[in-house]
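Colleague: Kindly return the folded structure for what I paste below:
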Amino acid sequence: MREIKTRTKIKIPFFDLDPMNIVWHGNYVKYIEIARCDFFKKINYTYDEMKKDGVMYPIAKMDFKFIKSAKFNDEIEVETILKELEPAIMFKYIIYHNNEKILCANTMQIGVSIETGESLFEAPKKLKKAIDEFVE
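Modeller: Down below sits the predicted model:
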């Protein structure tokens with residue numbers, strides 16, 4: 001599968017800082033979630049569309065490599081890269097500040113039927129179509 005990339009800008013708010021005046025590490029989960037939602041919005045297939053298709057994609061795995069800390073009022077940019085779609089959605093994220101890489105992360109989401117709770121190993125047709133249309 002061809003990689004698909006989007007970029008999302010986020011300005012660091014004061015309340016995301018820890019006592020050392022840097023972004024508390026747990027907030028990076030929030031930043032990649034914002035970027036992932038933005039990715040789906042940009043390809044025109046949101047979490048609401050997934051729900052209509054009877055599927056949800058909970059996080060099954062995530063890992064982070066912290067390189068450098070962001071600070072209050074920094075404008076970061078999250079590059080979201082779709083690496084795989086089936087049997088699970090795999091994303092890679094690279095967070096930049098002033099074009100310098102400060103974090104790398106990966107997530108894996110498993111498709112689950114909302115009705116039965118069973119794992120799905122094929123992406124919904126509408127999601128595949130949205131990706132095809134975004135690439136074109």
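Colleague: which residues touch the most centrally placed residue in the chain?
Modeller: What sits nearest the mean C-alpha location of the chain, by C-alpha atoms, centre = their mean, is Arg36, with 2.7 Å. Each residue near Arg36 by C-beta atoms under 8 Å, 6 or more residues apart in numbering is listed here: 80, 91, 93, 107. For every residue, glycine as well, the C-beta is placed using N, CA and C.
Colleague: could you say which helix or strand contains the third one?
Modeller: I take that to be Tyr93. Element membership for Tyr93, per DSSP states H and E: strand 88-97.
Colleague: Check the last one too.
Modeller: When secondary structure is defined by DSSP H and E, Thr107 falls within strand 100-113.
Colleague: how much does the longest helix belonging to the chain deviate in direction from strand 100-113?
Modeller: In the chain, taking DSSP state H as the definition, the longest helix is helix 27-42. Interaxial angle, helix 27-42 versus strand 100-113 (axes from the mean of the first three to the mean of the last three C-alpha atoms, to 10 degrees): 70 degrees.
Colleague: Buried residues, the helix or strand just after helix 27-42. List them.
Modeller: Heading C-terminal from helix 27-42, the first helix or strand you meet, by DSSP H and E, is helix 47-52. Buried residues in helix 47-52, counting neighbours by 16 or more other C-beta atoms under 10 Å, are found at 49-50.
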